[in-house]
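Engineer: I'd like to go over a predicted model; first the sequence, then the structure.
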Amino acid sequence: MDTEDTHGLVNYLLILDGIKVACMFRQIGDMVKISLRSAGDIDVGIMAQALGGGGHDHSAATMIEGQLEEVIKETIPKLQLMLANHES
């Protein structure tokens, strides 16, 4: 499967009930691309900026050097913290 074939998959996650933020991780060489999408009032552009990337309110991304498993393990808690801070 080509990386372009997976590009839009993260958008489809937002149709699931109760999903506020969707993220997708893809290994691209020695980097991991993290795509973020949101529904509602959560600004994923700010979340991506905090991780070294950028984007818009409802669509953003970043690239982090490393291997997929390790980047996921390090990034999910950061995203959870940002969401928790948003909700409080």
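Structural biologist: It's in. Predicted, not measured: the structure shown is a model, and the values here were computed from it. Residues are numbered from 1 along each chain as shown.
Engineer: This structure: strands as residue ranges?
Structural biologist: 21-28, 31-38, 54-55, 59-65 (DSSP state E).
Engineer: strand partners of the third one, parallel vs antiparallel please.
Structural biologist: In the sheet containing strand 54-55, the strands it pairs with under DSSP bridges are strand 59-65 (antiparallel).
Engineer: Run a quick neighbour tally on the closest residue to residue 37 other than its chain neighbours.
Structural biologist: When the adjacent residues along the chain are set aside, residue 37 lies closest to residue 22, with 4.7 Å between them (CB to CB, 6 or more residues apart in numbering). Heads up, the C-betas are built off the backbone N, CA and C, glycines and all. Residue 22 is flanked by 19 other residues according to other CB atoms under 10 Å.
Engineer: Which of the strands of the chain has the highest mean neighbour count?
Structural biologist: Most buried of the strands of the chain by mean neighbour count (mean count of other CB atoms under 10 Å) is strand 31-38; its value is a mean of 21.
Engineer: List the strands paired with that one, with their directions.
Structural biologist: Going by DSSP bridges, the partners of strand 31-38 are strand 21-28 (antiparallel), strand 59-65 (antiparallel).
Engineer: Just give me how far the first one sits from the chain centre.
Structural biologist: Here strand 21-28 is found 5 Å from its chain centre; the criterion is CA atoms, centre = their mean, to the nearest Å.
Engineer: what's next to that strand, contact-wise?
Structural biologist: Strand 21-28 is contacted from outside by 3, 6, 9-11, 13-14, 32-38, 42, 44, 47, 63, 67-68, 71-72, 75, 79, 83, using CB atoms under 8 Å, 6 or more residues apart in numbering.
Engineer: 6 Å instead?
Structural biologist: 10, 13-14, 32-38, 42, 68, 72 (CB atoms under 6 Å, 6 or more residues apart in numbering).
Engineer: any weak-confidence spans in this protein?
Structural biologist: Along the chain, segments meeting pLDDT under 70 span 1-7, 11-15.
Engineer: rerun at 50
Structural biologist: For the chain, the stretches with pLDDT under 50 are 1.
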